[in-house]
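# Starting from these lines, generate the structure:
(one chain, ligands or ions: 2)
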Amino acid sequence: MLNAPSQSFPTPGSQQRVASGGRSKVPLKQGRSLMDWIRLTKSGKDLTGLKGRLIEVTEEELRKHNRKDDCWICIRGLVYNVSPYMEYHPGGEEELMRAAGSDGTDLFDQVHRWVNYESMLKECLVGRMAVKPVVPRDCREEKKILNGKSSKLNLSDVCRILSSPIPRARLRTRLPRKGLGLQVYSYDWFQTDSSVTIAIYTKQKDISLDSIIIDNQDDSFRAETIIQDYSYLIHIRLSHEVQEDVSARIVENVGKIEIVLKKKENTSWKCLGHPLENHNSFIPRKDVGLHYRECQLISKEDVTHDTKLFCLKLPPSSHLQTPVGQHVYLKLTVTGAEIVKPYTPVSDSLFSEFKEPVLPNKQYMYFLIKIYPAGLFTPELDHLQIGDFVPISSPEGNFKISKFQELEDLFLLAAGTGLTPMVTILNFALTRVRSLRKVKLMFFNKTEDDIIWRSQLEKLAFKDKRFDVEFVLSAPTSEWTGKQGHISPALLSEFLKRNLDESKVFICICGPTPFTEQGVRLLHDLNFSKDEIHSFTA
Ligand code: FAD
Ligand code: NAD
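Ligands and ions are numbered 1, 2, ... in the order given. Below you'll find the model as predicted:
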């Protein structure tokens, strides 16, 4: 489980062992796929050896179970006997054994915190760790400053302030952090007869609307402001009902975000609401957990013989824009188990930046998804009916648009659905990067029929002289007169010519793992530095 089930399968006949992002995947034996694991968990077999009993596990006890045939691992306080899962683990037995007899939470989070281990390992649950006395959260180093005066606030103080009859409450959280310097985050709220506005002060001058994720569902209002690897979270149960739609705007230059809620009734609110988990905290994103909202399938269009453009609609009470080059997770229940897989939102076409937006508040999310008939997730996704709901997570990813500062030459190497992150990158580069002189895309596919958005790419190259596209086919028909083969030194050295000798260059690469890994190796051989390359890996 310390690796992603989504990336777990060797392709038919393959026996490769590939490294990706420091992790490795091992060929799984016949009958050891994720589907086989799901079947085993449903077979009613006693996988823990405890005949369904749940026990309290002490640290001493946990340490004893550190062998392959008797391997217990603790994840977030719950202890699992992972021995039966060893052979099904995509990252191999060795990776699981790194956490044998100990707390594997950090290791798990480093690799793929989005994996739904609760569902996957349900039948392996041994019990929970015996509770040790804990230091209350509010006794930690965090200093909270109320109305400019330094004070240590505990949860009850926060509740008192939030529910006090004072119409405006201001809380500030001050945390010295490495890399971000000393930042002060705070929020405030005010009301008119018909609306309530929550203002978040970030002091980040370049904050954009994709830094804020808002959801108001199931009695929980959540506004997550993302700054680098941290989240500032407002999480409350509103004191009164509001209308469904929510809007957000940035007040330029001062780093203020305003969220406007429309009241259902024209009453005066005495307080904003009651704090929920992690309210008014500034914490590493990985500790916040991925938040999902139910999105409705609006349409599904064929793009190639096996790739479709899915359009999903966010609930009106959500605001979410995926930053350039990032991905989200879609969740489906497949034969009784919750499975999540990452997908990269795209625009509805390569030209959408030049069109009137269909909806000004960007409530639609588009995905280009290849359906693998023998795949676990995509056939299920393909079977969804228009109107069905799919939970979609908040975005994740480590792509940094700061790399585009002063950028002159952008090279994109994409294979198959590896085109998806390039769609928003292309849009961003062509519309927002003033220094840009040239963007070149080399797009690798098996056959002509597999090329996603071929005519759009060609049209874009025709319209915008800064953009060029080259198609390379690995299994062309005899009629194909263009480039052929796999990624190679010859193809790359010809393609990656800088505009000028000293021009600032950036290269993005995305596709099947062996393609990306080989590409990165070749780029290093061609003397491109690590800093000049971004590889999209699982
Ligand atoms: P899988 O079950 O993973 O199968 C994939 C292939 O392996 C199929 O050909 C299947 O036949 C074969 N296979 C399955 N089981 C076995 C087995 N036991 N033995 C041998 N072969 C087997 N994809 C997109 O289409 N669009 C995107 O925008 C996109 N974005 C992504 C973003 C990120 C960050 C990452 C990491 C991946 C992204 N992907 C995207 C890929 C996506 O997450 C899934 O991996 C993909 O959709 C396949 O899912 P699946 O469960 O249907 O197939
Ligand atoms: P595909 O099987 O149709 O292959 C497309 C091209 O990739 C081939 O024509 C070939 O040129 C190249 N290729 C394939 N296997 C290769 C190998 N072993 N060595 C060298 N080159 C190889 O591709 P697909 O089915 O569309 O798969 C796309 C892949 O991109 C998936 O694995 C998906 O997970 C990945 N992806 C990743 C992200 C991300 O952000 N990390 C986003 C989207 C897609």
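
# Identify the residue nearest the residue in the stretch 201-350 of the chain positioned nearest to ligand 2 in space, chain neighbours excluded?
Going by CB to the nearest ligand atom, ligand 2 is nearest to Thr344 of the stretch 201-350 of the chain, at 4.9 Å. In this view, the C-beta of every residue, glycine as well, is placed from N, C-alpha and C. Distance criterion CB to CB, 6 or more residues apart in numbering; nearest residue to Thr344, sequence neighbours excluded, is Thr420 at 3.9 Å.

# now swap in Lys42 and tell me
Excluding the flanking residues, the one nearest Lys42 by CB to CB, 6+ apart is Gly336, at 6.4 Å.

# Please report how far that neighbour lies from Met120.
Noted for Gly336: a distance of 12 Å to Met120, by CB to CB, to the nearest Å.

# and what of Phe399?
Distance of Phe399 to Met120, computed by CB to CB: 28 Å.

# Likewise for Lys256?
Using CB to CB, Lys256 is found at 42 Å from Met120.

# So these two - more neighbours on which side?
When Lys256 and Met120 are compared for neighbours, Met120 comes out ahead with 21 against 18, by other CB atoms under 10 Å.

# which ones are touching Asp531?
Going by CB atoms under 8 Å, 6 or more residues apart in numbering, Asp531 touches no other residue.

# Regarding Arg521, what is its secondary structure?
Three-state assignment for Arg521 (DSSP: H, G, I helix; E, B strand; the rest coil): helix.

# Residues in contact with the host helix or strand of Arg128: which ones?
Element membership of Arg128, judged by DSSP states H and E, is strand 125-129. Applying CB under 8 Å, 6+ apart, the external contacts of strand 125-129 come out as 48, 50, 54-59, 62, 72, 74, 77-81.

# Would you state the strands of the stretch 251-400 of the chain in chain order?
Listed in chain order, the strands of the stretch 251-400 of the chain (DSSP state E, counting those that start in this stretch) span 256-263, 273-275, 281-284, 292-302, 307-313, 318-319, 328-334, 337-343, 345-346, 364-370, 389-393.

# Of those strands, which is nearest Glu87?
Nearest to Glu87, of all these, is strand 337-343, at 17.7 Å by CB to CB.

# who in the stretch 351-500 of the chain is up against ligand 2?
With the criterion set to CB under 6 Å from any ligand atom, the stretch 351-500 of the chain comes near ligand 2 through 370, 415-418, 420-421, 444-446, 450, 474, 486-487.

# Of those residues, keep whichever come out buried.
Buried by 16 or more other CB atoms under 10 Å: Lys370, Ala415, Gly416, Thr417, Gly418, Thr420, Pro421, Phe444, Asn445, Asp450, Ile487, out of these.

# can you pull the contacts of the last one?
For Ile487, the residues meeting the contact criterion (CB under 8 Å, 6+ apart) are Leu413, Ala415, Phe444, Val472, Phe515, Gln518, Gly519, Leu522.

# So it: helix, strand or coil?
At Ile487 the chain is in coil, as set by three-state DSSP.

# Would you quantify the distance from it to ligand 1?
Computed with CB to the nearest ligand atom, to the nearest Å, the distance linking Ile487 and ligand 1 is 18 Å.

# Likewise for the second one?
Applying CB to the nearest ligand atom, the value for Ala415 to ligand 1 is 12 Å.

# related to what we said a few turns ago, surely the residue of the stretch 201-350 of the chain closest to ligand 2 touches His327?
Yes - the criterion here is CB atoms under 8 Å, and Thr344 meets it with His327 at 4.5 Å.

# Could you check which of these two has the larger neighbour count?
Neighbour tally, Thr344 and His327, criterion other CB under 10 Å: the higher count belongs to Thr344, 25 against 20.

# quick one: pLDDT of the more buried one?
We note a pLDDT of 97 for Thr344 in this prediction.

# OK, contacts around it?
Thr344 neighbours (CB under 8 Å, 6+ apart): Thr322, Gly325, Gln326, His327, Val328, Phe367, Thr420, Pro421, Val423, Thr424.

# Sketch out the low-pLDDT regions of the stretch 151-300 of the chain for me.
Along the stretch 151-300 of the chain, the model assigns pLDDT under 70 to residues 151-184, 252-253.

# Please repeat the previous calculation with a cut-off of 90.
The model of the stretch 151-300 of the chain has pLDDT under 90 over residues 151-188, 190, 201-209, 218, 227-230, 250-256, 278, 281-290.

# Please put the alpha-carbon coordinates of stretch 335-348 into CSV.
The C-alpha coordinates for stretch 335-348 follow below in CSV (Å, rounded to 0.1, in the frame of the first residue of the first chain):
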residue,chain,number,x,y,z
THR,A,335,-16.8,-4.1,-7.3
GLY,A,336,-17.4,-2.8,-3.8
ALA,A,337,-14.0,-1.1,-3.3
GLU,A,338,-13.3,2.6,-3.6
ILE,A,339,-10.7,3.2,-6.2
VAL,A,340,-9.1,6.6,-6.9
LYS,A,341,-7.1,7.5,-10.0
PRO,A,342,-5.3,10.8,-11.0
TYR,A,343,-6.5,12.8,-14.0
THR,A,344,-5.3,16.1,-15.4
PRO,A,345,-8.1,18.6,-16.2
VAL,A,346,-7.8,20.3,-19.6
SER,A,347,-9.8,23.1,-21.2
ASP,A,348,-12.7,22.1,-23.5
